[in-house]
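> Here is my input, please return the structure:
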Amino acid sequence: MHFDFLILSHDFVPLLALEIGGKSHNSEKQQKFDATKNEACRVAGLALERVRIGEGLEKVLKRLELK
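Residues are numbered from 1 along each chain as shown. Modelled structure (predicted):
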């Protein structure tokens, strides 16, 4: 399993996984894989943020600030 980006603390502890999603994430196969990734992150206690292609950076940053 991989992530598009993984944000680490200064001592390399994973803090946040980022997934960039486009049209490919609309397929049934990809949605099943995304659900598996969601569950793996939940079990591991790793925050996962999904960002849609074309979503404004300010909107994403504001959403991250709320967590």
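> any idea how far Asn38 is from His10?
27 Å (Cβ to Cβ, to the nearest Å). To be clear about C-beta, it is placed using only N, CA and C from the backbone, and glycine gets the same treatment.
> neighbour-wise, which of the two wins?
More crowded of Asn38 and His10, by other Cβ atoms under 10 Å: Asn38, with 13 against 5.
> Show the pLDDT at that one.
On pLDDT, Asn38 comes in at 96.
> Pretty sure it sits against Leu48.
Yes - between Asn38 and Leu48 a contact is recorded at 6.4 Å, counting by Cβ atoms under 8 Å.
> Which residues are in contact with Met1?
By Cβ atoms under 8 Å, 6 or more residues apart in numbering, the contact set of Met1 is 36-37, 40.
> how about 7 Å then?
Residues near Met1 by Cβ atoms under 7 Å, 6 or more residues apart in numbering: 37, 40.
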